[in-house]
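**Student:** Make a model of this:
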Amino acid sequence: MNQLNEYGWNNIRQDEWKNNFETAERNYLPGRVTLEHKRMYRVVTAEGEWLSTCSGSFTHAAAERRDFPAVGDWVAVEQMPGEEKGIIHSLLPRTSLFSRKVAGMAITEQIIAVNVDIVFLVTSMNDDFNARRLERYLVAAYDSGALPVVVLTKKDVCDYPEDYIDQAKQVAIGADVVAVSSKTGEGIDTLSDMLQNGKTAALLGSSGVGKSSLINALCGEARMAVQDIREDDAKGRHTTTHRELIKMPAGGILIDTPGMREFQLWNENDSVDSGFKDIESLANQCQFRNCNHHSEPGCAIQKALDEGVLEKQRYANYLKLQKELAYLERKANQKTQQGKRKTRK
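**Tutor:** This next block holds a predicted model:
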(Lines give C-alpha, C1' and ligand atoms only; values in the text may rest on other atoms or scores of the structure.)
Protein backbone atom coordinates (compact mmCIF):
# COMPACT_ATOMS: atom_id res chain seq x y z
CA MET A 1 0.00 0.00 0.00
CA ASN A 2 3.05 2.32 0.02
CA GLN A 3 2.21 3.76 -3.38
CA LEU A 4 -1.37 4.42 -2.33
CA ASN A 5 -0.16 6.19 0.82
CA GLU A 6 1.47 8.74 -1.47
CA TYR A 7 -1.99 9.45 -2.91
CA GLY A 8 -3.71 9.95 0.45
CA TRP A 9 -4.53 6.39 1.56
CA ASN A 10 -4.73 6.21 5.37
CA ASN A 11 -5.95 4.07 8.26
CA ILE A 12 -9.53 5.36 7.94
CA ARG A 13 -9.65 4.31 4.31
CA GLN A 14 -8.08 0.96 5.20
CA ASP A 15 -10.81 0.29 7.79
CA GLU A 16 -13.51 1.21 5.23
CA TRP A 17 -11.96 -1.22 2.78
CA LYS A 18 -11.86 -4.05 5.30
CA ASN A 19 -15.50 -3.51 6.24
CA ASN A 20 -16.78 -3.36 2.67
CA PHE A 21 -14.55 -5.30 0.29
CA GLU A 22 -11.59 -7.19 1.66
CA THR A 23 -13.39 -10.32 2.85
CA ALA A 24 -16.02 -10.42 0.09
CA GLU A 25 -13.96 -9.83 -3.06
CA ARG A 26 -10.32 -10.89 -2.99
CA ASN A 27 -9.72 -9.81 -6.60
CA TYR A 28 -10.78 -6.20 -5.96
CA LEU A 29 -8.10 -3.62 -5.22
CA PRO A 30 -8.45 -0.11 -3.79
CA GLY A 31 -7.44 2.67 -6.16
CA ARG A 32 -7.76 6.41 -6.62
CA VAL A 33 -9.05 8.13 -9.74
CA THR A 34 -6.35 10.48 -11.04
CA LEU A 35 -7.91 11.44 -14.40
CA GLU A 36 -11.38 11.36 -15.96
CA HIS A 37 -12.24 11.64 -19.64
CA LYS A 38 -15.66 10.74 -21.08
CA ARG A 39 -16.41 7.91 -18.62
CA MET A 40 -12.84 6.60 -18.92
CA TYR A 41 -10.76 6.79 -15.75
CA ARG A 42 -7.10 6.50 -14.91
CA VAL A 43 -6.87 4.68 -11.57
CA VAL A 44 -3.71 4.27 -9.51
CA THR A 45 -3.43 1.12 -7.35
CA ALA A 46 -0.72 -0.59 -5.33
CA GLU A 47 -0.09 -2.85 -8.35
CA GLY A 48 0.01 -0.20 -11.07
CA GLU A 49 -1.98 2.45 -12.90
CA TRP A 50 -4.80 1.26 -15.14
CA LEU A 51 -7.15 2.82 -17.64
CA SER A 52 -10.54 1.78 -16.28
CA THR A 53 -14.26 1.80 -17.03
CA CYS A 54 -17.28 1.16 -14.82
CA SER A 55 -18.79 -2.31 -14.76
CA GLY A 56 -22.19 -2.91 -16.32
CA SER A 57 -23.91 -3.40 -12.98
CA PHE A 58 -22.29 -0.22 -11.63
CA THR A 59 -23.52 1.81 -14.61
CA HIS A 60 -27.00 0.32 -14.43
CA ALA A 61 -27.36 1.21 -10.75
CA ALA A 62 -26.14 4.81 -11.21
CA ALA A 63 -29.10 7.20 -11.17
CA GLU A 64 -27.31 10.58 -11.47
CA ARG A 65 -23.93 12.17 -12.15
CA ARG A 66 -22.66 11.96 -8.59
CA ASP A 67 -23.16 8.17 -8.64
CA PHE A 68 -20.25 7.88 -11.12
CA PRO A 69 -16.56 8.24 -10.23
CA ALA A 70 -14.82 11.62 -10.32
CA VAL A 71 -11.21 12.75 -9.95
CA GLY A 72 -10.19 12.15 -6.33
CA ASP A 73 -12.55 9.22 -5.75
CA TRP A 74 -11.40 6.02 -4.06
CA VAL A 75 -12.80 3.00 -5.90
CA ALA A 76 -12.85 -0.78 -5.84
CA VAL A 77 -11.22 -1.81 -9.11
CA GLU A 78 -10.45 -5.18 -10.69
CA GLN A 79 -7.66 -5.71 -13.21
CA MET A 80 -8.71 -7.25 -16.50
CA PRO A 81 -6.78 -10.52 -17.03
CA GLY A 82 -3.55 -9.99 -18.96
CA GLU A 83 -4.17 -6.29 -19.58
CA GLU A 84 -3.19 -2.96 -18.05
CA LYS A 85 -6.88 -2.08 -17.79
CA GLY A 86 -9.37 -2.18 -14.97
CA ILE A 87 -13.06 -2.41 -14.18
CA ILE A 88 -14.52 -0.18 -11.46
CA HIS A 89 -17.08 -1.98 -9.32
CA SER A 90 -17.83 0.46 -6.50
CA LEU A 91 -17.07 3.81 -4.86
CA LEU A 92 -15.75 4.18 -1.33
CA PRO A 93 -17.59 6.75 0.86
CA ARG A 94 -16.69 10.35 0.01
CA THR A 95 -15.49 12.82 2.62
CA SER A 96 -16.26 15.92 0.52
CA LEU A 97 -17.81 16.86 -2.82
CA PHE A 98 -17.35 20.16 -4.66
CA SER A 99 -19.79 20.75 -7.50
CA ARG A 100 -21.61 23.43 -9.47
CA LYS A 101 -24.54 23.74 -11.84
CA VAL A 102 -23.42 23.18 -15.43
CA ALA A 103 -23.11 26.31 -17.56
CA GLY A 104 -26.22 27.26 -19.47
CA MET A 105 -29.90 26.55 -18.87
CA ALA A 106 -29.69 22.82 -18.08
CA ILE A 107 -30.47 21.92 -14.43
CA THR A 108 -27.63 19.43 -14.09
CA GLU A 109 -24.85 19.00 -11.56
CA GLN A 110 -21.19 19.09 -12.60
CA ILE A 111 -18.76 17.54 -10.13
CA ILE A 112 -15.49 19.45 -9.82
CA ALA A 113 -13.57 17.43 -7.22
CA VAL A 114 -14.22 14.91 -4.44
CA ASN A 115 -12.40 13.77 -1.30
CA VAL A 116 -10.49 17.03 -0.92
CA ASP A 117 -9.42 18.39 2.45
CA ILE A 118 -8.71 21.93 1.23
CA VAL A 119 -10.10 24.06 -1.59
CA PHE A 120 -7.63 26.68 -2.85
CA LEU A 121 -9.84 29.45 -4.29
CA VAL A 122 -7.42 31.13 -6.67
CA THR A 123 -7.86 34.68 -7.96
CA SER A 124 -5.30 37.12 -9.32
CA MET A 125 -4.58 40.61 -8.03
CA ASN A 126 -5.54 42.48 -11.19
CA ASP A 127 -8.69 43.55 -13.07
CA ASP A 128 -9.96 39.95 -13.01
CA PHE A 129 -10.44 40.10 -9.21
CA ASN A 130 -14.15 39.85 -8.46
CA ALA A 131 -15.42 39.86 -4.89
CA ARG A 132 -18.90 38.68 -5.88
CA ARG A 133 -17.50 35.65 -7.73
CA LEU A 134 -15.27 34.87 -4.76
CA GLU A 135 -18.37 34.84 -2.54
CA ARG A 136 -19.89 32.17 -4.80
CA TYR A 137 -16.75 30.04 -4.58
CA LEU A 138 -16.75 30.34 -0.80
CA VAL A 139 -20.38 29.23 -0.49
CA ALA A 140 -19.70 26.17 -2.68
CA ALA A 141 -16.51 25.39 -0.72
CA TYR A 142 -18.32 25.46 2.64
CA ASP A 143 -21.05 23.25 1.19
CA SER A 144 -18.48 20.73 -0.09
CA GLY A 145 -17.18 19.89 3.37
CA ALA A 146 -13.63 21.04 2.57
CA LEU A 147 -11.68 23.90 4.16
CA PRO A 148 -11.59 27.01 1.91
CA VAL A 149 -8.36 28.99 1.51
CA VAL A 150 -8.27 32.12 -0.66
CA VAL A 151 -5.08 32.33 -2.74
CA LEU A 152 -4.25 35.72 -4.30
CA THR A 153 -1.74 35.30 -7.13
CA LYS A 154 0.60 37.58 -9.10
CA LYS A 155 1.72 39.60 -6.11
CA ASP A 156 4.98 40.41 -7.88
CA VAL A 157 3.19 42.47 -10.57
CA CYS A 158 0.62 44.13 -8.29
CA ASP A 159 1.30 47.71 -7.18
CA TYR A 160 -1.10 47.66 -4.23
CA PRO A 161 -1.49 44.05 -3.01
CA GLU A 162 -2.79 45.21 0.38
CA ASP A 163 -5.96 46.53 -1.28
CA TYR A 164 -6.78 43.11 -2.74
CA ILE A 165 -5.88 41.33 0.51
CA ASP A 166 -8.24 43.61 2.46
CA GLN A 167 -11.07 43.04 -0.04
CA ALA A 168 -10.59 39.27 0.13
CA LYS A 169 -10.59 39.27 3.94
CA GLN A 170 -13.83 41.26 4.03
CA VAL A 171 -15.46 38.60 1.85
CA ALA A 172 -13.77 35.45 3.18
CA ILE A 173 -14.68 35.88 6.82
CA GLY A 174 -13.05 33.14 8.87
CA ALA A 175 -11.01 31.73 5.96
CA ASP A 176 -7.26 32.08 5.43
CA VAL A 177 -6.13 34.53 2.74
CA VAL A 178 -2.65 33.91 1.29
CA ALA A 179 -0.96 36.25 -1.21
CA VAL A 180 1.59 34.49 -3.41
CA SER A 181 3.94 35.00 -6.33
CA SER A 182 4.79 31.98 -8.45
CA LYS A 183 7.80 33.85 -9.86
CA THR A 184 9.45 35.01 -6.63
CA GLY A 185 8.19 32.12 -4.50
CA GLU A 186 6.57 34.35 -1.90
CA GLY A 187 3.78 32.55 -0.06
CA ILE A 188 4.45 29.18 -1.74
CA ASP A 189 5.86 27.63 1.44
CA THR A 190 2.69 28.59 3.30
CA LEU A 191 0.59 26.61 0.82
CA SER A 192 3.06 23.69 0.81
CA ASP A 193 2.79 23.45 4.61
CA MET A 194 -0.97 22.97 4.26
CA LEU A 195 -0.41 19.91 2.06
CA GLN A 196 1.51 17.84 4.59
CA ASN A 197 0.48 14.35 5.77
CA GLY A 198 -1.20 13.28 2.56
CA LYS A 199 -3.70 16.16 2.43
CA THR A 200 -5.57 16.69 -0.84
CA ALA A 201 -6.34 20.17 -2.18
CA ALA A 202 -8.29 21.30 -5.23
CA LEU A 203 -7.37 24.40 -7.23
CA LEU A 204 -10.36 26.42 -8.43
CA GLY A 205 -10.52 29.71 -10.27
CA SER A 206 -11.18 31.35 -13.61
CA SER A 207 -8.83 31.14 -16.58
CA GLY A 208 -5.64 33.16 -16.36
CA VAL A 209 -5.44 33.51 -12.59
CA GLY A 210 -2.19 31.53 -12.49
CA LYS A 211 -3.24 28.03 -11.39
CA SER A 212 -0.76 26.29 -13.72
CA SER A 213 2.09 28.57 -12.61
CA LEU A 214 1.11 27.92 -9.00
CA ILE A 215 1.29 24.15 -9.55
CA ASN A 216 4.74 24.51 -11.12
CA ALA A 217 5.91 26.55 -8.12
CA LEU A 218 4.53 23.99 -5.64
CA CYS A 219 6.11 21.12 -7.60
CA GLY A 220 9.43 22.92 -8.02
CA GLU A 221 9.41 22.13 -11.75
CA ALA A 222 7.67 23.07 -14.99
CA ARG A 223 4.94 20.47 -14.61
CA MET A 224 2.13 22.41 -16.33
CA ALA A 225 2.04 24.57 -19.48
CA VAL A 226 1.27 28.24 -18.85
CA GLN A 227 -0.18 31.04 -20.97
CA ASP A 228 -0.19 34.81 -20.57
CA ILE A 229 -3.35 36.78 -19.93
CA ARG A 230 -4.79 39.13 -22.55
CA GLU A 231 -3.52 42.65 -22.03
CA ASP A 232 -6.76 44.38 -23.10
CA ASP A 233 -9.05 42.92 -20.41
CA ALA A 234 -6.79 40.88 -18.05
CA LYS A 235 -8.78 37.77 -18.96
CA GLY A 236 -7.02 34.45 -19.23
CA ARG A 237 -6.81 31.72 -21.83
CA HIS A 238 -7.67 28.13 -20.95
CA THR A 239 -4.53 26.13 -20.15
CA THR A 240 -5.99 23.20 -18.22
CA THR A 241 -8.68 21.37 -20.22
CA HIS A 242 -9.43 18.48 -17.85
CA ARG A 243 -9.36 17.59 -14.17
CA GLU A 244 -6.24 15.81 -13.01
CA LEU A 245 -4.82 14.63 -9.69
CA ILE A 246 -1.16 15.57 -9.21
CA LYS A 247 1.16 14.16 -6.55
CA MET A 248 3.31 16.83 -4.87
CA PRO A 249 7.00 16.19 -4.08
CA ALA A 250 6.45 17.11 -0.41
CA GLY A 251 3.72 14.51 -0.03
CA GLY A 252 0.46 16.33 -0.67
CA ILE A 253 -1.93 15.96 -3.59
CA LEU A 254 -3.40 18.64 -5.85
CA ILE A 255 -6.44 18.38 -8.12
CA ASP A 256 -6.16 20.85 -10.98
CA THR A 257 -9.37 21.95 -12.69
CA PRO A 258 -10.17 23.88 -15.88
CA GLY A 259 -10.81 27.60 -15.51
CA MET A 260 -14.44 28.58 -14.96
CA ARG A 261 -15.83 31.89 -16.21
CA GLU A 262 -19.36 31.09 -15.03
CA PHE A 263 -20.01 29.60 -11.60
CA GLN A 264 -23.56 28.79 -10.55
CA LEU A 265 -24.18 27.10 -7.23
CA TRP A 266 -25.49 23.59 -6.85
CA ASN A 267 -26.75 22.76 -3.40
CA GLU A 268 -29.89 22.62 -1.31
CA ASN A 269 -28.26 23.27 2.05
CA ASP A 270 -27.74 26.25 4.35
CA SER A 271 -24.22 26.86 3.06
CA VAL A 272 -25.06 30.44 1.99
CA ASP A 273 -25.12 31.37 5.68
CA SER A 274 -21.65 29.81 6.11
CA GLY A 275 -20.27 32.08 3.39
CA PHE A 276 -22.02 35.15 4.80
CA LYS A 277 -21.46 34.78 8.53
CA ASP A 278 -21.53 38.55 9.04
CA ILE A 279 -25.05 38.80 7.60
CA GLU A 280 -26.20 35.78 9.59
CA SER A 281 -24.87 37.39 12.76
CA LEU A 282 -26.67 40.66 12.00
CA ALA A 283 -29.94 38.82 11.30
CA ASN A 284 -29.77 37.28 14.79
CA GLN A 285 -29.63 40.81 16.25
CA CYS A 286 -32.93 41.94 14.70
CA GLN A 287 -35.69 42.92 17.13
CA PHE A 288 -38.13 40.38 15.68
CA ARG A 289 -37.34 36.76 14.85
CA ASN A 290 -39.47 36.81 11.70
CA CYS A 291 -37.90 40.02 10.40
CA ASN A 292 -37.87 40.22 6.59
CA HIS A 293 -35.11 42.85 6.67
CA HIS A 294 -37.11 45.42 4.70
CA SER A 295 -38.78 48.14 6.76
CA GLU A 296 -39.42 46.37 10.07
CA PRO A 297 -38.48 48.31 13.24
CA GLY A 298 -35.28 47.21 14.93
CA CYS A 299 -33.84 45.54 11.79
CA ALA A 300 -30.11 45.14 12.38
CA ILE A 301 -29.38 44.47 8.71
CA GLN A 302 -31.06 47.67 7.47
CA LYS A 303 -29.25 49.62 10.18
CA ALA A 304 -25.90 48.13 9.10
CA LEU A 305 -26.66 49.02 5.47
CA ASP A 306 -27.57 52.61 6.37
CA GLU A 307 -24.43 53.05 8.47
CA GLY A 308 -22.17 51.48 5.85
CA VAL A 309 -21.17 48.61 8.14
CA LEU A 310 -22.58 46.12 5.62
CA GLU A 311 -21.72 46.65 1.96
CA LYS A 312 -24.86 47.00 -0.19
CA GLN A 313 -23.38 44.92 -3.04
CA ARG A 314 -22.51 42.11 -0.64
CA TYR A 315 -26.03 42.01 0.75
CA ALA A 316 -27.50 42.13 -2.77
CA ASN A 317 -25.34 39.18 -3.78
CA TYR A 318 -26.46 37.30 -0.65
CA LEU A 319 -30.10 37.74 -1.66
CA LYS A 320 -29.32 36.80 -5.27
CA LEU A 321 -27.65 33.54 -4.23
CA GLN A 322 -30.61 32.64 -2.02
CA LYS A 323 -32.97 33.16 -4.97
CA GLU A 324 -30.75 31.01 -7.22
CA LEU A 325 -30.77 28.16 -4.73
CA ALA A 326 -34.54 28.40 -4.24
CA TYR A 327 -34.98 28.25 -8.03
CA LEU A 328 -32.69 25.22 -8.29
CA GLU A 329 -34.60 23.47 -5.51
CA ARG A 330 -37.93 24.06 -7.26
CA LYS A 331 -36.56 22.78 -10.57
CA ALA A 332 -34.99 19.74 -8.92
CA ASN A 333 -38.30 18.92 -7.21
CA GLN A 334 -40.14 19.26 -10.54
CA LYS A 335 -37.60 16.95 -12.17
CA THR A 336 -38.04 14.41 -9.38
CA GLN A 337 -41.83 14.49 -9.70
CA GLN A 338 -41.61 14.07 -13.49
CA GLY A 339 -39.39 11.03 -13.00
CA LYS A 340 -41.85 9.51 -10.54
CA ARG A 341 -44.75 10.07 -12.98
CA LYS A 342 -42.82 8.37 -15.77
CA THR A 343 -42.06 5.44 -13.48
CA ARG A 344 -45.73 5.04 -12.55
CA LYS A 345 -46.76 5.13 -16.21
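**Student:** partner residues bridging T200?
**Tutor:** Residues in a beta bridge with T200, per DSSP bridges, are I253.
**Student:** which residues in this protein form helices?
**Tutor:** For the chain, the helices defined by DSSP state H cover 2-5, 11-17, 56-61, 131-144, 161-171, 188-194, 211-219, 271-275, 277-283, 300-307, 312-344.
**Student:** Kindly reformat these as JSON lines containing mean neighbour count and distance to G252.
**Tutor:** Any C-beta I mention is one placed from the backbone N, CA and C, and that applies to glycine too. As requested, these are exported to JSON lines (neighbours: other Cβ atoms under 10 Å; distance: least, Cβ to Cβ, whole Å):
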{"stretch": "helix 2-5", "mean neighbour count": "14", "distance to G252": "12"}
{"stretch": "helix 11-17", "mean neighbour count": "14", "distance to G252": "16"}
{"stretch": "helix 56-61", "mean neighbour count": "12", "distance to G252": "30"}
{"stretch": "helix 131-144", "mean neighbour count": "22", "distance to G252": "18"}
{"stretch": "helix 161-171", "mean neighbour count": "16", "distance to G252": "23"}
{"stretch": "helix 188-194", "mean neighbour count": "16", "distance to G252": "7"}
{"stretch": "helix 211-219", "mean neighbour count": "22", "distance to G252": "8"}
{"stretch": "helix 271-275", "mean neighbour count": "21", "distance to G252": "25"}
{"stretch": "helix 277-283", "mean neighbour count": "16", "distance to G252": "28"}
{"stretch": "helix 300-307", "mean neighbour count": "16", "distance to G252": "40"}
{"stretch": "helix 312-344", "mean neighbour count": "13", "distance to G252": "31"}
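**Student:** out of the ones you listed, nearest to A76?
**Tutor:** Among those, helix 11-17 comes nearest to A76, with 8.1 Å by Cβ to Cβ.
**Student:** who does the closest one touch, helix- and strand-wise?
**Tutor:** For helix 11-17, there is no helix or strand it packs on, judged by 3 or more Cβ pairs under 8 Å, 6 or more residues apart in numbering; DSSP states H and E.
**Student:** With mean pLDDT as extra columns, can I get the helices of the chain in TSV?
**Tutor:** As requested, these are exported to TSV (pLDDT from 0 to 100):
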stretch	mean pLDDT
helix 2-5	80
helix 11-17	89
helix 56-61	93
helix 131-144	84
helix 161-171	93
helix 188-194	93
helix 211-219	90
helix 271-275	65
helix 277-283	85
helix 300-307	90
helix 312-344	66
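**Student:** Tabulate these (TSV), appending distance to S99.
**Tutor:** Output for the helices of the chain, formatted as TSV (distance: least, Cβ to Cβ, whole Å):
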stretch	distance to S99
helix 2-5	25
helix 11-17	22
helix 56-61	20
helix 131-144	7
helix 161-171	21
helix 188-194	22
helix 211-219	18
helix 271-275	12
helix 277-283	22
helix 300-307	30
helix 312-344	12
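**Student:** A141 against L97, yeah?
**Tutor:** No: proximity of A141 to L97 does not meet the contact threshold set by Cβ atoms under 8 Å, at 11.3 Å.
**Student:** what comes up buried for the longest strand along the chain?
**Tutor:** Taking DSSP state E as the criterion, the chain has its longest strand at strand 29-37. Buried residues in strand 29-37, counting neighbours by 16 or more other Cβ atoms under 10 Å, are found at L29, P30, G31, R32, V33, T34, L35, E36.
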